[in-house]
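Student: Please work out how this folds:
(one chain, ligands or ions: 1)
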Amino acid sequence: MFLEHLNSLRPSIKFTMEVESNHQLPFLDVMVERTNSNSIITKVYRKPTHTDCYLNYWSYHSHSVKNGIIHILKHCAKTICRDEITLTEEMEHLKLVFKKNGYPCDTVNRALHHQRNKRRSKEEQTQITEVTTTIPYVKGVSERIRRICAKHNIKVIFRSGRTLRSILSHVKPQPDLLNHPGVIYRIPCLDCDRSYIGETGRTLRVRLSEHQRCCKNFETQKSAVAQHCLEEHHRIDWQGSTVIEKESIWHRKRIKEAIHINSFPNFNQDQGLNISPIWMSNIT
Ligand SMILES: [Zn+2]
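Tutor: All right, here's what the predicted structure looks like:
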């Protein structure tokens with residue numbers, strides 16, 4: 001009756017209502033259950049379509065990410081399950097779920113049954129002025145860098161590197177990069193698999209016209225593109241020229257150019273900024 005009344009107020013607004021089934025009613029991620037004695041117990045609610053698939057233990061992520069998932073689900077269980085029986089049931093369920101996702105039993109048991117280190121007090125936090133930096137996650141290396149940085153009060157956050165998804169899916173439409181000032185660009189050759197990688201503070205459109213003019217005027221000293229085109233008798237794929245990255249800060253642009261020169265087979269005359277091979281093996 002009340003629902004009918006609500007729906008009669010404005011025809012454009014329709015309310016729906018869920019009713020109790022088997023003494024149970026889900027609300028967000030909580031299953032509210034009415035017992036025979038008319039008291040209420042709460043459990044963690046998962047939709048029937050829930051797959052219990054979480055980040056696999058063997059996936060390429062740091063241990064802190066995996067431990068974080070266990071702690072989040074533990075926190076959720078402890079917040080929702082208010083009595084011992086439902087909490088124990090939920091914990092047993094979590095153990096099975098993590099086992100299914102490849103987690104070793106002792107890692108799960110340790111995380112589920114041990115208290116996390118208490119957070120530092122606010123006073124302690126303000127005393128330590130932390131600098132935060134972000135680095136790509138490389139298994140075995142990034143953890144060591146984090147330990148070294150921690151000694152100097154530098155907080156290190158990991159970010160995941162390139163994934164198949166990031167390489168293959170470009171959901172956002174590409175803006176007009178041809179007219180964007182400050183870019184790292186690539187001019188491919190039609191007759192071999194090599195390219196020219198360059199950086200400019202101006203636009204790719206301007207740089208392309210300069211390279212084209214050098215080709216026309218046989219100015220091989222001024223342009224590696226002209227040199228490749230005229231000495232190898234190869235055709236340049238002007239239409240296939242692309243912006244690899246946007247970057248307006250000069251020094252960063254030089255570093256990025258050097259990284260991309262190392263990543264593509266190229267016919268550059270010089271190889272750009274000298275970057276240590278130790279960094280290159282981690283970046284590329
Ligand atoms: Zn070529």
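
Student: Could you tell me which residues make contact with S142?
Tutor: 62, 135-136, 156, 158 (CB atoms under 8 Å, 6 or more residues apart in numbering). In this view, the C-beta of every residue, glycine as well, is placed from N, C-alpha and C.

Student: What's the first helix or strand after the lowest-mean-pLDDT helix or strand in the chain?
Tutor: The helix or strand with the lowest mean pLDDT-type score in the chain, counting by mean pLDDT, DSSP states H and E, is helix 122-127 (a mean of 57). Counting by DSSP states H and E, the element after helix 122-127 in chain order, helix or strand, is strand 131-136.

Student: distance between whichever helix or strand comes after that following strand and the chain's centre?
Tutor: Where DSSP H and E defines the elements, the next helix or strand beyond strand 131-136 is helix 142-151. Centroid separation for helix 142-151 versus its chain: 21 Å, with CA atoms, centre = their mean, to the nearest Å.

Student: Correct me if wrong: K99 contacts D106.
Tutor: No. At 11.4 Å, K99 does not count as touching D106 under the criterion of CB atoms under 8 Å.

Student: quick check: mean pLDDT across stretch 257-276?
Tutor: The average pLDDT within stretch 257-276 is 86.

Student: outside of it, which residues touch it?
Tutor: With CB under 8 Å, 6+ apart as the test, stretch 257-276 has contacts from 184, 186, 189, 193-199, 224-225, 227-228, 232, 244-245, 254-255, 280, 283-284.

Student: make it 7 Å
Tutor: With contact meaning CB atoms under 7 Å, 6 or more residues apart in numbering, stretch 257-276 is reached by 184, 186, 193-199, 224, 227-228, 244, 254-255, 280, 283-284.

Student: quick one: contacts for the most centrally placed residue in the chain?
Tutor: Nearest to the mean C-alpha position of the chain, by CA atoms, centre = their mean, lies S160 at 5.1 Å. Contact analysis of S160 by CB under 7 Å, 6+ apart lists Y137.

Student: what pLDDT does it get?
Tutor: 75.

Student: can you map out the helices along the stretch 151-284 of the chain?
Tutor: 164-168, 204-216, 224-231, 250-263, 277-283 (DSSP state H, counting those that start in this stretch).

Student: right, and those helices - which one's nearest the ion?
Tutor: The ion sits nearest to helix 224-231 of all the helices of the stretch 151-284 of the chain, at 5.7 Å, using CB to the ion.

Student: residues touching S248, list them.
Tutor: G182.

Student: give me that answer again for 8 Å
Tutor: So S248 contacts 181-182, 201 (CB under 8 Å, 6+ apart).
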